[in-house]
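Colleague: With the input below, show me the fold.
(one chain, ligands or ions: 2)
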Amino acid sequence: MKTSIIGFPRVGELRELKFATEKYFRKEITEEDLLAIGKELRVKHWQLLDDQGIDFIPSGDFSFFDTTLDTAVLLNIVPKKYQELQLSSLETYFALARGYQGESGDVTALAMKKWFNTNYHYMVPEIDDNTKIQLVGEKLFTEFKEAKEAGIVTRPTILGPFTLLKLATYHGAKKAEDFYEAVITAYGQIFDRFAALDCEWLQIDEPALVLDLSPVQVQQFSTLYQKLLRKKGNLKILLQTYFGDVRDGYQEIVKLPFDGIGLDFVEGRKTGTLLEEHGFPKDKVLFAGIVNGKNIWKNNYQETLRVVEKLQSLGEVVLNTSCSLLHVPYTLANETELTEDVTSYFSFATEKLTELNELKKILSNKEESYELLATNDALFKQGRFSRNEQVAKKVHALTEQDFVRFPSLEKRAAIQKDKLKLPILPTTTIGSFPQTKEVKQNRAKFKKGEITESDYTAFNQGKIAECVAFQEEIGLDVLVHGEFERNDMVEYFGESLDGYLFTEKAWVQSYGTRCVKPPIIWGDVARAKPITVAYSTYAQTLTDKPMKGMLTGPVTILNWSFPREDISLRESTLQLALAIQEEVLDLEASGIEIIQIDEAALREKLPLRQTDWHREYLDWAIPAFRLVHSKVQPTTQIHTHMCYSEFADIIQDIENMDADVISFEASRSNLEILDALKAINFQTQVGPGVYDIHSPRVPAVAEIETTIDRILKKIPIEKVWVNPDCGLKTRGVPETQASLKNLVIAAKKVRGGI
Ligand code: GLN
Ligand code: ZN
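Modeller: Ligands and ions are numbered 1, 2, ... in the order given. Have a look, this model is predicted:
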C-alpha cells in the first residue's frame, strides 16, 4: 500500500513565502531573491514529504500567488492589456494577481473568487475571442526537474482543462467548448514534455466534477478526455477530484482510460455508495482520500480502516488526503502554548503525513503498528469536548419568534431615516483601517506583556481618535472606529468566547500572501464578557456622526473556525448566535445606533450542490443571523457585509437575513450582482463596493462616479450606499486615504448632479 497527498501548504512553516513576496512587492528584495526563496521552500517541502515516507509527492502545487493563475499563465491565458505592459514574466504575473499602476500602465487585477467550499481564493482566468490557448510556460517542468535534482521524483500536478475552462469568465462570443481543441493540444504537449522527462505519473485536478453536472456536461467531460488521453503514451494520468463525490456521471467517468482516479471519502458523502453500487475498474489505481485535508482533528484510524478494508477488494488502493493540505496549517510543532491533552487531538499538514504513514503500517500488519492503533483508539474512546449545560438548554429553548425582528424592513427604514438623518448616497467604510506596523506592534507588545493594559488601550484610543478625525475631515457619513484592536475578525471574538482555543502559528493561506489563523472550537460556546462595547462607545464620544458598532456574525465565526465534529454545525452556530446577540444588545444599550454584523463568509459552507443548499445549510444559517438581531429596537440600524459578489443565486436568502443595509464586494466582479438585485426587487439597502481594496491602486474620482452611476441605473437611489468593497486593514495608509477622499468626492458629485 502506498501513500499520497494532493498538495502541501506552500506558504511555508512560518509563512516564509508570504514575507518574501511582500518584501518583493515593497522592492526590498529582487526578483532573483524571491525566486531563490521559492525554490528553497519547494525543496524543503519535498524533502519533508520524502522523510515522512510519502510515496507520491506532488510538484507544481507551489505558487507565488495561486495555482489557477499559474495554469492560466502556463497556457497563455493572459488578456492583452497585461501583455501590453511589457513587464517581466514575474511582474506580469503579479499584475494579473494584484493589478498594476506605474510607468508601464494602469490595469486592475483579475477577479478573485472563493475556491469551491473553502476559504482559499483563486484568480479567475479571463478568456476572450482572441485568446490563444497554448503551452507557453515552463513552471511545471522546472519544478519537476528541480525536485529530481534534489533526488526526489515527484508526481506533477496541474489543474485540469475541464475545471479551468469552467471557472474562467468569457468576454466575447466563444464559450468553454470552443477552446476544447486548443486545450487538448496544449495538455497533450504537457504529456509529451513530462514523458520526455521520465515522469511516471501526472495528477490532473478536476474538482469541478463534484459540482452538479448535467448529462451534457458529463458528455463534454468524457469527449474532452477521450481525445486528450489518446495522447498520454506511457505517462500515467491520475484524475484527482476533491471536496465532494462524483455523483453525476460516475459510471461514465471511471470508465475513461485514466490510470488512477482520486476520490474523496471525507466530504464525498456518497463516494462509498457509488463504489458499492457501481464498482470501480480493476485496472485503475484508486487514490482514496481518507485523511481530511480541511479539518485539524486527528484521523480516527478504526473508522478509516473500515473504509479502506472494503476498498481493497476493488484493486490497488493508495492512501490519500481528501483534498490538498493547503487548507490546514503547516505543523503542530510550533504550538508551544497548548497542552498535550489538547494537542493530542490535533493533526495539521505535517502530522497528517504521519497519519498516512501510520495507516500504511497498520494496513501492512506491521507488528509495531498495533500500538499505533491502540493509542489512536484510546483517544477516540474518551470524551474530550467540554459541555456547558446552560448553553445547550438555551439553544433547545429557542422558538420561532426568536428568529423574527419587528416591525417589517420597510417600516424600520422609515423610522431609521427619521432618526439618523443621513444624506442620500450615504458614505461609509466596511470597518477596518490600515493595520500599520505600529498597530501590530502595539498588540504584539501587549500580548508579550511588554506594555501595560492601559498603555495598550491608550495607543488604540489614539489611533481611533486619528481615524475618526480623518473620517470627519473627508466627510464620510457613517464612521467606524478602525478595528485597531483586532488581529482578525474571527479570532478577536473567539478570544472573548468560552469554548475556543487558539494557536500561535497555525496559519492557512486565504489568497495570495494573505493568511488566516482560524481558531478552534473546542467546547460549547458562550460569551464570557462584553467584547466591543468599550472601544465602540469611546469612538462614539469623539463624533456627532453615527459610529458603527462592528461585529462578526455567527455563521462567519463558525465558517472561519475549525469546527467540532461531535455536534452539528447548526448547533455550534446557534450557540455563537446567542453569544453575539448579547453583544448586539449591549452595544444598543450603550447608545450605538448602527451595528454592522459581518457575514463575510456566509457562502463558505454552502454545499457545492444546489440540491443540498437549503436542507443542509441555509435553513439554519440564515435564521442564525436573524437570531442575532431579532431583539433590537426598530431605530437600531443593522448592517451586514459580505466579501464576495457571487450571491445572485442565494439572493432571496440574503434578503431573508432581514438586515437593514448590506455592503458587498462588487467592483472586482464588474457589478454583475446588480442585475440579480434588480430582478428580485431587493428591498434591503445596498452598498455595492465601488472600488477594489485588494489592490493598492487608487481609484480616480471619475472612475468611482461612473461606478455609482452604473449602480443607480439598477437600484433606486434611496437604497444605495457608497463604500469600498471590504475592510481596509491590508492596505497602506497613503492609498487608503487617497481612495477614501476620492470616494467621498465622487459621492458628493453624484449627489450634486441629481
Ligand atoms: N469589518 C471587517 C473589516 O473591515 C470586515 C472584514 C471582511 O469582510 N473580511 O475588516
Ligand atoms: Zn469583506
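
Colleague: The closest residue in space to residue 631 that isn't next to it in sequence sits in which helix or strand?
Modeller: Nearest in space to residue 631, with sequence neighbours left out and distances taken as CB to CB, 6 or more residues apart in numbering, is residue 585 at 6.3 Å. Every residue, glycine included, has its C-beta placed from N, CA and C. Here residue 585, judged by DSSP states H and E, is contained in helix 569-589.

Colleague: just residue 148 next, same as before
Modeller: helix 139-149.

Colleague: mean confidence score for that helix?
Modeller: The predicted model gives helix 139-149 an average pLDDT of 98.

Colleague: Which SSE is immediately downstream of that helix?
Modeller: strand 155-159.

Colleague: how about that following strand as CSV, C-alpha atoms only?
Modeller: As requested, the backbone C-alpha atoms of strand 155-159 are provided in CSV (Å, rounded to 0.1, in the frame of the first residue of the first chain):
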residue,chain,number,x,y,z
ARG,A,155,4.1,13.5,-9.4
PRO,A,156,3.5,16.8,-11.1
THR,A,157,0.0,18.3,-10.5
ILE,A,158,-2.0,20.6,-12.7
LEU,A,159,-5.5,22.0,-12.8
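
Colleague: the inter-axis angle of the helix or strand just after the helix holding residue 585 versus helix 569-589?
Modeller: For helix 569-589, the succeeding helix or strand toward the C-terminus, using DSSP H and E, is strand 594-598. Relative orientation of strand 594-598 and helix 569-589, computed by axes from the mean of the first three to the mean of the last three CA atoms, to 10 degrees: 160 degrees.

Colleague: Any residue of strand 594-598 touching ligand 2?
Modeller: No: Strand 594-598 does not reach ligand 2 (CB under 5 Å from the ion); its nearest approach is 7.0 Å.

Colleague: Now do that strand: distance to the chain's middle.
Modeller: 21 Å (CA atoms, centre = their mean, to the nearest Å).

Colleague: For beta bridges, what are the partners of residue 685?
Modeller: Residue 685 forms beta bridges with residue 661, as assigned by DSSP bridges.

Colleague: which residues of the stretch 551-700 of the chain score low on pLDDT?
Modeller: Under the criterion pLDDT under 70, the flagged ranges of the stretch 551-700 of the chain are 645, 668-669.

Colleague: Ligand 1 contacts on that one?
Modeller: Residues of the stretch 551-700 of the chain found near ligand 1 (CB under 6 Å from any ligand atom) are 598, 600, 641, 643.

Colleague: What is the burial count for the residue lying closest to residue 430 once chain neighbours are set aside?
Modeller: Of all residues not flanking residue 430 in the chain, residue 727 sits nearest, at 4.6 Å (CB to CB, 6+ apart). The number of residues packed near residue 727 is 25, by other CB atoms under 10 Å.

Colleague: Quick check, pLDDT for residue 727.
Modeller: 96.

Colleague: With residue 694 as the reference, measure out to it.
Modeller: According to CB to CB, to the nearest Å, residue 727 and residue 694 sit 11 Å apart.

Colleague: residue in the stretch 501-650 of the chain nearest to ligand 2?
Modeller: Closest approach between the stretch 501-650 of the chain and ligand 2, counting by CB to the ion: residue 643, at 3.3 Å.

Colleague: tell me which parts of the chain are close to ligand 1?
Modeller: 430-432, 483, 489, 550, 598, 600, 641, 643, 726-727, 729.

Colleague: hmm, who's touching stretch 364-379?
Modeller: 1, 298-302, 344-345, 358, 361-362 (CB atoms under 8 Å, 6 or more residues apart in numbering).

Colleague: quick one: residue 237 is in a strand?
Modeller: Yes: assessed with DSSP: H, G, I helix; E, B strand; the rest coil, residue 237 lies in a strand.

Colleague: how about it, what does it touch?
Modeller: By CB under 8 Å, 6+ apart, the contact list for residue 237 reads 191, 201-202, 204, 229, 258-260.

Colleague: Roughly how far does the nearest residue in space to residue 108 that is not next to it in sequence sit from residue 737?
Modeller: Nearest residue to residue 108, sequence neighbours excluded (CB to CB, 6+ apart): residue 99, at 4.8 Å. According to CB to CB, residue 99 and residue 737 sit 18 Å apart.

Colleague: tell me the contacts of the closest residue in space to residue 271 that isn't next to it in sequence?
Modeller: The shortest distance from residue 271 to any non-neighbouring residue, by CB to CB, 6+ apart, is to residue 245 (4.5 Å). Residues near residue 245 by CB under 8 Å, 6+ apart: 210, 263-264, 267-271, 274.

Colleague: one step back: among the contacts of residue 237, which two are most distant?
Modeller: Spatial extent of these (CB to CB) is set by the pair 191 and 260 at 14.9 Å.

Colleague: three-state assignment of residue 234?
Modeller: Following three-state DSSP, the label given to residue 234 is coil.

Colleague: since we're on the residue lying closest to it once chain neighbours are set aside, how many residues are nearby?
Modeller: Nearest non-adjacent residue to residue 234, counting by CB to CB, 6+ apart: residue 195, 6.3 Å away. Residues lying near residue 195 (other CB under 10 Å) number 16.

Colleague: which SS class is residue 195?
Modeller: Assigned with three-state DSSP, residue 195 falls in the helix class.

Colleague: what do you get for residue 498?
Modeller: Residue 498 ends up strand, using three-state DSSP.

Colleague: what is it paired to in the beta sheet?
Modeller: residue 526.

Colleague: gap between it and ligand 1?
Modeller: Residue 498 sits 23 Å away from ligand 1, going by CB to the nearest ligand atom, to the nearest Å.

Colleague: ok, now which ones touch that residue?
Modeller: Shown in contact with residue 498 (CB under 8 Å, 6+ apart): 388, 523-528.

Colleague: quick one, what contacts the residue nearest to residue 524 when sequence neighbours are not counted?
Modeller: In space, and not counting its chain neighbours, residue 524 is closest to residue 388: 3.8 Å by CB to CB, 6+ apart. Going by CB under 8 Å, 6+ apart, residue 388 touches 498-499, 523-524, 526.

Colleague: again, but for residue 461
Modeller: 535, 538.

Colleague: Strands of the stretch 101-250 of the chain, start to end?
Modeller: 105-107, 112-114, 121-123, 126-128, 155-159, 169-171, 201-205, 236-240 (DSSP state E, counting those that start in this stretch).

Colleague: quick one: the last one to strand 201-205, angle?
Modeller: Relative orientation of strand 236-240 with respect to strand 201-205: 30 degrees, computed using the same axes, to 10 degrees.

Colleague: for the chain, which residue is closest to the average position?
Modeller: residue 119 (1.7 Å; CA atoms, centre = their mean).

Colleague: any idea how far it is from residue 696?
Modeller: Taking CB to CB as the measure, residue 119 falls 23 Å from residue 696.

Colleague: which residue does the stretch 151-300 of the chain bring closest to ligand 1?
Modeller: Closest approach between the stretch 151-300 of the chain and ligand 1, counting by CB to the nearest ligand atom: residue 294, at 19.7 Å.

Colleague: Give me the neighbour count for that residue.
Modeller: Residue 294 has 22 nearby residues by other CB under 10 Å.

Colleague: can you list contacts of stretch 536-546?
Modeller: Residues contacting stretch 536-546 (CB under 8 Å, 6+ apart): 420, 422, 461, 464-465, 468-469, 471-472, 476-481, 547, 549-550, 587, 590-594.

Colleague: show me what contacts residue 172?
Modeller: The contact partners of residue 172, taken as CB under 8 Å, 6+ apart, are 127-130.

Colleague: Out of those, who's the most crowded?
Modeller: Counting neighbours by other CB under 10 Å, the top entry in these is residue 127, with 23 neighbours.

Colleague: Tell me who's in contact with that residue.
Modeller: By CB under 8 Å, 6+ apart, the residues touching residue 127 are 77, 133, 165, 168-172, 174, 179.

Colleague: do residue 654 as well
Modeller: Residue 654 sits next to 602, 642, 647, 662, 684 when contact means CB under 8 Å, 6+ apart.
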